[in-house]
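> Curious how this folds, go ahead:
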Amino acid sequence: AVPLPGHSPPPSLPLADFNYGADEYDAEGNEEPKALPEGSETMPYIDESPTMSPQLSARGQESGDGVSPTPTDGLGTGGERDAGKGLEMRKLVLSGFLASEEIYINQLEALLLPMKPLKATATTSQPVLTLQQIETIFYKIQDIYEIHKEFYDSLCPKVQQWDSNITMGHLFQKLASQLGVYKAFVDNYKIALETAEKCSQSNYQFQKISEELKVKSSKDSKESHTSVTMEALLYKPIDRVTRSTLVLHDLLKHTPADHPDYPLLQDALRISQNFLSSINEDIDPRRTAVTTPKGETRQLVKDGFLVELSEGSRKLRHVFLFTDVLLCAKLKKTAVGKHQQYDCKWYVPLADLVFPSPEESEHCPQVHVIPDHELEDMKMKISAIKSEVQKEKANKGQSRAIERLKKKMFENEFWLLLNSPAIPFRIHNRNGKSYLFLLSSDYERSEWREAIQKLQKKDLQAFVLSSVELQVLTGSCFKLRTVHNIPVTSNKDDDESPGLYGFLHVIVHSAKGFKQSANLYCTLEVDSFGYFVSKAKTRVFRDTTEPQWNEEFEIELEGSQSLRILCYEKCYDKTKLNKDNNEIVDKIMGKGQIQLDPQAVQTKNWHMDVIEMNGIKVEFSMKFTSRDMSLKRTPSKKQTGVFGVKISVVTKRERSKVPYIVRQCIEEVEKRGIEEVGIYRISGVATDIQALKAVFDANNKDILVMLSDMDINAIAGTLKLYFRELPEPLLTDRLYPAFMEGIALSDPAAKENCMMHLLRSLPDPNLITFLFLLEHLKRVAEKEPINKMSLHNLATVFGPTLLRPSEGESKAHLTLASDIWSHDVMAQVQVLLYYLQHPPISFTELKRNTLYFSTDV
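Residues are numbered from 1 along each chain as shown. Purely as a prediction, here's the structure:
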């Protein structure tokens, strides 16, 4: 038998006259030590260092190098022993095991004792626990008890009427074959403990029961019972598997190779060992660390999934930060049902780890950035699959079809997770090698950097791990990890919050708490598709300790649950600016995060909040508009102004073919914004957009002056807002279903005929304005190498603005806010992309060909 950590060492087993009554055991299963008679041998015991799977080392004189599961010669120990002596040892090993088995059964009985009365009260008006709680706490205990009772009842007579020819290998083999019950117990163990603890805190009756469970003592004990806590008893089954495995080691050691039991015991040992290595040994919540060879504690501080750029390709790694080392690992591919293991790719002792400055990292590989339109395409695909999954579920679809869709969704989300990060996080080992991770969030990059720098403040020694040490450390990763799933939404449970879909309006007001004047700005990050991305950035407020930004942003949420705010000091030092355009050299002054609570956020009013970070307080307000609300177009009663007024009314009033606001905004963008990175994609400051809206509505004579001074993203935002606020979308409500059908045609000639006929069916002001905008967007896309805006990107931005289902249409389709739009949006983007990729279309040509195209809509 084997002691738990901190318990007394195992008993010695004198060769003669072994007392089966087991008065050396107390009810906890802890053995009292006895003096060793001359020439006796001790039982093997576990090295309880938590990283090791049970290592056997016999403390007897014969085997100094640990116990081998196979005897070195056919006759058990030491070579010169005879078979009889070996078989005598078998009896001793079995007697000791039987005694501890009796105690174990008593412990399981004690655990089961309160279960029946608890179940009886569960259905009354005053239950102590619910049936669900009882099921969780006592999960599989009854089954384990029955397995061991049967085993004990079969083994006991064999040991009592000992005979050297006796066989009992089949009993151990059967016991090993039932270890699946233990697997279920182990998987439930943590939840059982937590449930028991919560129930104790909330229910005094249960607390009294669980603090003092009465365990029957063994036959020869003076006391009849011992009191043990429920927590201690729940740990017993876990401890028991280890002990059974050790007994099998010993039995094999003392069983001749030609004995009929030998192959059976070997098989039982193999099953037990595989089982032991497959269960997560970090069951005991008190064990959160591994031990270094010098006996120091090596704690896991942080772990998570990061994308590494390795030999030019992106790889998903699980990175573990311990107190003195950073270890980069990947999950090994294992067969279904097999224990998962990590494979160490590399490690850097923290004493040797440095972060290269931008100028030092010139020799580092350049980051290959995936074009935005590919990422957007993939997001569309994922949203479409989500829609299909929801439809299948709603129609009680086949689980196989749902599984197939979910598999496809996981593959697509995994691709997105791998390919969207572009912010470099470089790690350098003083001894030469550099590594490059790519992150999608500067917040996360700074969390990793800060965690490492904090540990580096301690007095750290450089070291090299031996292959065994590295194996042990990598083995411990599986037990110690805190992040279990790749961060993709398909890994979420169905009942987990799907997050928010729609638009979050955020006003970043001001910040205070800075020690000295600096040039300051903020960025906003939200999680989307399982990972965080930067969505907005305030202007730089120069040379101040109390910046007053007061800027409003509209951020699109795609299943988001958190908002992060980062506050930076702008770096104007030319020497530090890196040629790698994703390198952020500005210094993070503070960062903070809040949960987006759907109840709190979904109000019509602004909700003011403060994030405290590093002694700095940032004030901001936010409100949320769900996607179906943001699609609503309110028909305008007003005939003055231009926003929210029918396009035909505006052009008639202005005596123009294209509204003045459209011409002016486009002209300004072409003059000074056509090379602006992310033009039309990056939000302009909402307050600037509102100011421009007011000026255009009032037809103010200062429009041109204001336009020339205004930030170009605000002008682009004003143009988008104009189209979004039209009482009817530019491509009209009436033709929307036909556009959706036309784009779905597969024959190119039919599609061309239909799509041109649809344009011709638009009212003249709508058509001329659309063609004017189309030519402008093509000119923007010609500058894609500089502004990073492809035709696809522009179609993604403008498609849903120019083409939207009418209110009646969208109501008819309404299922889930996150899904209605996804399929429609894809089609809307495709329609605009079709026209953008089409050779130039002229108004006169279209009209001239009216007779030639005669497809009815």
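> pull the longest helix from this protein.
helix 83-112 (DSSP state H).
> next helix or strand past that one?
helix 115-122 (DSSP states H and E).
> What mean pLDDT does that next one get?
The average pLDDT for helix 115-122 rounds to 86.
> for stretch 540-548, same thing?
Averaged across stretch 540-548, pLDDT comes to 92.
> re the thing from before, for the longest helix of the chain, buried residues please.
83, 86-112 (16 or more other Cβ atoms under 10 Å). Glycine gets a C-beta too; all of them are placed from N, C-alpha and C.
> Equivalent analysis for stretch 668-685, please.
So, applying 16+ other Cβ under 10 Å, buried residues of stretch 668-685: Glu668, Val669, Gly673, Ile674, Glu676, Ile679, Tyr680, Arg681, Ile682, Ser683, Gly684, Val685.
> what about the strands in the stretch 401-550 of the chain?
Ranges of strands within the stretch 401-550 of the chain are 423-429, 434-439, 500-512, 518-528, 531-537, 541-544, 548-560, based on DSSP state E, counting those that start in this stretch.
> The first one pairs with which strands, parallel or anti?
On the basis of DSSP bridges, the sheet neighbours of strand 423-429 come out as strand 353-354 (antiparallel), strand 434-439 (antiparallel).
> quick one: the longest helix of the chain to chain centroid distance?
What separates the centre of helix 83-112 from the centre of its chain is 45 Å, taken as Cα atoms, centre = their mean, to the nearest Å.
> what's the answer for stretch 448-466, then?
Taking Cα atoms, centre = their mean, the mean C-alpha location of stretch 448-466 is offset from the chain mean by 25 Å.
> for the stretch 51-200 of the chain, what are the low-confidence residue spans?
Along the stretch 51-200 of the chain, the model assigns pLDDT under 70 to residues 51-87.
> Let me see the contact set for the nearest residue to Ala122 once chain neighbours are set aside.
Nearest residue to Ala122, sequence neighbours excluded (Cβ to Cβ, 6 or more residues apart in numbering): Leu131, at 4.7 Å. Contacts for Leu131 (Cβ atoms under 8 Å, 6 or more residues apart in numbering) come out as Lys119, Ala122, Thr123.
> before we move on, the earlier item: adding mean neighbour count, write the strands paired with strand 423-429 out as JSON lines.
Below are these laid out as JSON lines (neighbours: other Cβ atoms under 10 Å):
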{"stretch": "strand 353-354", "mean neighbour count": "18"}
{"stretch": "strand 434-439", "mean neighbour count": "20"}
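> and Phe798, how many neighbours?
24 (other Cβ atoms under 10 Å).
> do the same with Arg804
25.
> Same question for Ala384.
17.
> Report the separation between it and Pro800.
According to Cβ to Cβ, to the nearest Å, Ala384 stands 15 Å off from Pro800.
> now Lys847
28 Å.
> Next, the buried residues of stretch 260-271.
Asp261, Tyr262, Leu264, Leu265, Gln266, Asp267, Ala268, Leu269, Ile271.
> pLDDT of the helix or strand containing the second one, averaged?
Under the criterion of DSSP H and E, Tyr262 resides in helix 261-278. If you average the pLDDT over helix 261-278, you get 84.
> Also stretch 646-653?
Per-residue scores along stretch 646-653 average to 93.
> Now do the buried residues in that stretch.
Lys646, Ile647, Val649, Val650, Thr651.
> Let's see it as PDB, backbone CA atoms only.
Provided in PDB are the C-alpha atoms of stretch 646-653 (Å, rounded to 0.1, in the frame of the first residue of the first chain):
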ATOM      1  CA  LYS A 646     -35.800  60.600 -50.900                       C
ATOM      2  CA  ILE A 647     -33.000  60.900 -53.500                       C
ATOM      3  CA  SER A 648     -35.500  62.000 -56.200                       C
ATOM      4  CA  VAL A 649     -36.700  64.900 -54.000                       C
ATOM      5  CA  VAL A 650     -33.100  66.000 -53.300                       C
ATOM      6  CA  THR A 651     -31.900  65.900 -57.000                       C
ATOM      7  CA  LYS A 652     -35.100  67.700 -58.100                       C
ATOM      8  CA  ARG A 653     -34.600  70.400 -55.600                       C
END
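> So what's the gap between that stretch and the chain middle?
With Cα atoms, centre = their mean, you get 51 Å for stretch 646-653.
> which residues touch that stretch?
636, 639, 642, 657-659, 726-728, 730, 763, 765-766, 769.
> and with 7 Å instead?
If you take Cβ atoms under 7 Å, 6 or more residues apart in numbering as the criterion, stretch 646-653 is touched by Gln639, Val642, Lys657, Pro659, Leu726, Pro727, Pro763, Pro765, Asn766, Thr769.
> OK, contacts around Asn431?
Asp352.
> circling back to that earlier point, tell me the one among the buried residues of stretch 260-271 nearest to Ile137.
Comparing the buried residues of stretch 260-271 against Ile137 with Cβ to Cβ places Ile271 closest, at 28.0 Å.
> picking that back up, and the helix holding Tyr262, what does it pack against?
helix 169-177, helix 179-202, helix 230-253 (3 or more Cβ pairs under 7 Å, 6 or more residues apart in numbering; DSSP states H and E).
> can you give me the angle that helix makes with helix 169-177?
The directions of helix 261-278 and helix 169-177 differ by 10 degrees, with axes from the mean of the first three to the mean of the last three Cα atoms, to 10 degrees as the criterion.
> Any regions of the stretch 201-350 of the chain where pLDDT drops low?
Using pLDDT under 70, the stretch 201-350 of the chain drops low at 219-222, 278-296, 334-339.
> re the thing from before, show me which of the contacts of Leu131 are buried.
Lys119, Ala122.
> got JSON lines for the contacts of Leu131, with distance to Glu469 too?
Converted to JSON lines, the contacts of Leu131 look like this (distance: Cβ to Cβ, whole Å):
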{"residue": "Lys119", "distance to Glu469": "49"}
{"residue": "Ala122", "distance to Glu469": "50"}
{"residue": "Thr123", "distance to Glu469": "55"}
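> sorry, back to before: could you single out the nearest of the contacts of stretch 646-653 to Asp324?
For the contacts of stretch 646-653, the nearest to Asp324 is Leu726 (62.2 Å; Cβ to Cβ).
> on that earlier part again, contacts made by the helix holding Tyr262 with the rest, please.
Residues from elsewhere that reach helix 261-278 (Cβ under 7 Å, 6+ apart): 53-54, 69, 167-170, 172-173, 175-177, 179, 241-242, 244-245, 248-249, 251-252, 255-256, 339.
> go again using 6 Å as the cut-off
53, 69, 167, 169-170, 172-173, 176, 179, 245, 248, 251-252, 255, 339 (Cβ atoms under 6 Å, 6 or more residues apart in numbering).
> Only the buried members of the residues you listed: can you turn that into a PyMOL selection?
Entered in PyMOL, the line below selects the buried ones among those, by 16+ other Cβ under 10 Å:
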select buried, resi 69+169+172+173+176+179+245+248+251+252+255
